[in-house]
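Q: structural data only, the sequence is not supplied:
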DNA sequence: ATTCTTATGGTTATTTTGACTACAAGTATA
DNA sequence: TATACTTGTAGTCAAAATAACCATAAGAAT
C-alpha cells in the first residue's frame, strides 16, 4: 500500500502510504440546569459549511495527537486547559465522503459556567445542545457521540469524573441528580447520602445554598487529595 | 497542513494531508501454566529486522481499521477469528524513527491451547512471552503493552472477559488464580468460591479434573446465555 | 497407616444494603 | 398566624453480603 508521489514544491519523489488522513473530534460534555449537554460547532467553510459537527480537525505533522485535540478545541471553541481523554479511533473506510480519513475521538467533562465558548477558526458558531436533543451531524459524528455516552456511563462508575460536571461547591441532591441523569436510574435520597458520605471523598463546608425557596442544603466539595490516597490502596468508586 | 502531490502513475495532482501513516498493533494475551503471556513477533525485514515487536502493520486504503487488525494478525501469526477490542491510538510525533506514524492499538484475550501460532508474512518468528519477562521491543511497543495491562486490569473487573483466557472447562481454583495473576492480589479460596457461585454465571459440570495428584476438583463452564440475561438487567461483574 | 495437598462446606461477627419512617427547616400561600 | 409544601437530614430494621476463619473430605504419595 505504499505509493510514490512527487512533491510539487521540491520535485522530490516521496513514498507514502496511500492511507493518509487523520483527524481529531472532541465530545465535550457539560451539565446545566439538571440536564446533560454536548458542545457542537457550525462549520464556516468546506464541504460541510453550515452543518453542525463535533469540534475537530486535522493533526499537524509535528504535534502529538493529544496536543492536536487541545489545539483544535481551543481554536474552534475557545476552550482551554481541559482534561481530555482519548475515546478510540473511528475508521470505517466510508465514514468520510472525500477519501479515507480516520478520526480519533476525545472526550471531556466540564463545568459549563467555568468557560466562555467563542466560535473561531473554521467554526461560525459553537453551542451547547442537550444530549436528548442533538441534531443530525456530519459524517459519523452522531455515532461518535453515542459511543461517548456509553463510555461516560461506564467511566462514571469507575472514577469520580462526575464531579467535573458540577460546580466546585454542590449539594448532595445535585450530585445524586447528576448520577441519576447520566445513568438513567432513580435513587433513594437517604441511602445515597449515607453511601457517599461513608466514602469520605467529600469535604463538608460551613456553607449552605443561597437564594433557594426551601430549606437550604449544606454544600460539599470534592476532595481530590483524599481520593488519591484512597485510589492508591485500590479503591473502587461506585454509587 | 494540506500539500499538493503528483501521483507518479496517473500524473494527477493530489491534495493530501502530510500526516499520512497509520498502523495497527495488537496485544494478544494468553494464560498458560498459571502465568499471563503476550504474543510477540520477530521482524523478518525492514529497519527493525531481527527485533521483536507486537504483531501489526499498515492499514489498507479500502479496509476498516477493525478489519486491518484482524488481517494483520492472521498474516503474521496465523491467529484468526478472534475477538479484538480497540485500545486507543498512540500518536507521539517521534514514536516512529522514519516519519510521523500513528498506531492504533488492539488487544485480545485468547486460550493459548486453542490456536496454532505460525509466523508468516513479514514475521520470521512468533512466540508467547511471559508478561513479567518481555524483552525490549521496537518503537513504543513496551509502552503499548503496559497500557494494555492496565486496561486489562480494569476491564476484568467490569466484564467476564477473563474466561476468554481459560480453557472451556476449568476449576474454581484456576479461575481464582487467573484473577490473582491479573490483579496482583491474593484471595481467599472459600470466599471466592461462594462469591462466584452466587453469581450463577457458571454451569457446574458432572466432570472432574483428570490426572492430578490430589483430590480432583469439579469442572465448571462459563454460561454466556445466563451472563447476557444478567447484563440486560444491569449486572455488575466483580470479584 | 500416615502424611500431604487440594476441594469443599460451614460458622460467626461485622458491614452494607434497600426500603421506609419521622421529623426538621425553611418558603409560600390562605 | 396557621397551614401546606418542599427539601434536607437522621434513624430504624430486616435482609444480604463480606471477611476471616475452622473443619472435614477426597484422593495421592510416602
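A: Received, thanks. These figures come from a predicted structure and were not determined experimentally.
Q: contacts and neighbour counts: CA atoms only from here.
A: Noted.
Q: and the angle from the longest strand anywhere in chain A to strand B:21-32?
A: With secondary structure taken from DSSP state E, chain A has its longest strand at strand A:21-32. In terms of direction (axes from the mean of the first three to the mean of the last three Cα atoms, to 10 degrees), strand A:21-32 departs from strand B:21-32 by 70 degrees.
Q: helices and strands around the helix or strand just after strand A:21-32, which ones?
A: Note on strand A:21-32: by DSSP states H and E, the next helix or strand toward the C-terminus is strand A:35-43. Using 3 or more Cα pairs under 8 Å, 6 or more residues apart in numbering or on different chains; DSSP states H and E, the elements in contact with strand A:35-43 are strand A:21-32, strand A:52-53, strand A:123-130, helix A:172-183.
Q: strands paired with strand A:35-43, and their directions?
A: strand A:21-32 (antiparallel), strand A:52-53 (antiparallel), strand A:123-130 (antiparallel) (DSSP bridges).
Q: which residues are in contact with the longest helix seen in chain A?
A: Scanning chain A for the helix with the most residues, using DSSP state H, yields helix A:141-158. Under the contact criterion Cα atoms under 8 Å, 6 or more residues apart in numbering or on different chains, helix A:141-158 has outside partners A:27, A:53-54, A:87, A:90, A:105, A:107, A:136, A:161-162, A:182-183, A:236-239.
Q: check the gap between the closest residue in space to residue A:162 that isn't next to it in sequence and residue A:238 for me.
A: The shortest distance from residue A:162 to any non-neighbouring residue, by Cα to Cα, 6 or more residues apart in numbering or on different chains, is to residue A:156 (6.0 Å). Separation of residue A:156 from residue A:238 (Cα to Cα, to the nearest Å) stands at 8 Å.
Q: next one: residue A:171
A: 18 Å.
Q: compare those two and say which is more crowded by neighbours.
A: Using other Cα atoms under 10 Å in any protein chain shown, the more surrounded residue of residue A:171 and residue A:238 is residue A:171, with 18 against 12.
Q: what sits closest to that one if chain neighbours are left out?
A: Nearest to residue A:171 is residue A:219, by Cα to Cα, 6+ apart, at 4.8 Å.
Q: what does chain A put close to DNA strand C?
A: Within reach of DNA strand C by Cα under 7 Å from any atom of the strand, chain A has these residues: A:188, A:190, A:191, A:195, A:212, A:213, A:214, A:215, A:216.
Q: now secondary structure, neighbour count and pLDDT too, for those, in JSON lines please.
A: Converted to JSON lines, the residues of chain A next to DNA strand C look like this (DSSP: H, G, I helix; E, B strand; the rest coil; neighbours: other Cα atoms under 10 Å in any protein chain shown; pLDDT from 0 to 100):
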{"residue": "A:188", "secondary structure": "coil", "neighbour count": "8", "pLDDT": "93"}
{"residue": "A:190", "secondary structure": "helix", "neighbour count": "9", "pLDDT": "93"}
{"residue": "A:191", "secondary structure": "helix", "neighbour count": "11", "pLDDT": "93"}
{"residue": "A:195", "secondary structure": "helix", "neighbour count": "12", "pLDDT": "92"}
{"residue": "A:212", "secondary structure": "coil", "neighbour count": "9", "pLDDT": "84"}
{"residue": "A:213", "secondary structure": "coil", "neighbour count": "6", "pLDDT": "84"}
{"residue": "A:214", "secondary structure": "coil", "neighbour count": "7", "pLDDT": "87"}
{"residue": "A:215", "secondary structure": "coil", "neighbour count": "10", "pLDDT": "87"}
{"residue": "A:216", "secondary structure": "coil", "neighbour count": "13", "pLDDT": "91"}
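Q: if we check DNA strand D, which of those residues are in contact?
A: Within the set of the residues of chain A next to DNA strand C, contact with DNA strand D (Cα under 7 Å from any atom of the strand) is found for A:190, A:191, A:214, A:215, A:216.
Q: residue contacts, the last one?
A: Going back to what we said before, that points to residue A:216. A:208, A:209, A:210.
Q: what is residue A:39 paired to in the beta sheet?
A: residue A:128.
Q: residues near it, how many?
A: Look at residue A:39: counted by other Cα under 10 Å, it has 22 neighbours.
Q: contact partners for it?
A: Applying Cα under 8 Å, 6+ apart, we find residue A:39 in contact with A:27, A:28, A:29, A:30, A:54, A:55, A:126, A:127, A:128, A:129.
Q: again, 7 Å this time
A: Contact partners of residue A:39, counting by Cα atoms under 7 Å, 6 or more residues apart in numbering or on different chains, are A:27, A:28, A:29, A:127, A:128, A:129.
Q: top of these by neighbour count?
A: Highest neighbour count within those, by other Cα under 10 Å: residue A:27, with 27 neighbours.
Q: measure that one to residue A:164 for me?
A: With Cα to Cα as the criterion, residue A:27 and residue A:164 are 14 Å apart.
Q: what does residue A:143 give?
A: Residue A:143 is 24 Å from residue A:164, by Cα to Cα.
Q: one more: residue A:33?
A: 15 Å.
Q: do residue A:228 as well
A: On the measure of Cα to Cα, residue A:228 and residue A:164 end up 15 Å apart.
Q: over to residue A:184?
A: For residue A:184, the distance to residue A:164 - Cα to Cα - is 19 Å.
Q: who has more neighbours, the two?
A: For residue A:184 versus residue A:164, neighbours defined as other Cα under 10 Å are more numerous around residue A:164 (18 against 11).
Q: A helix includes that one, no?
A: Yes: judged by DSSP: H, G, I helix; E, B strand; the rest coil, residue A:164 forms part of a helix.
Q: so it is in contact with residue A:108, correct?
A: No: using Cα atoms under 7 Å, residue A:164 makes no contact with residue A:108, being 8.9 Å away.
Q: care to break chain A down by domain?
A: A:2-158, A:166-232 (automatic domain parsing).
Q: rebuild those as a markdown table, extending it with distance to residue B:65.
A: As requested, the domains of chain A are exported to a markdown table (distance: least, Cα to Cα, whole Å):
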| stretch | distance to residue B:65 |
| --- | --- |
| domain A:2-158 | 5 |
| domain A:166-232 | 30 |
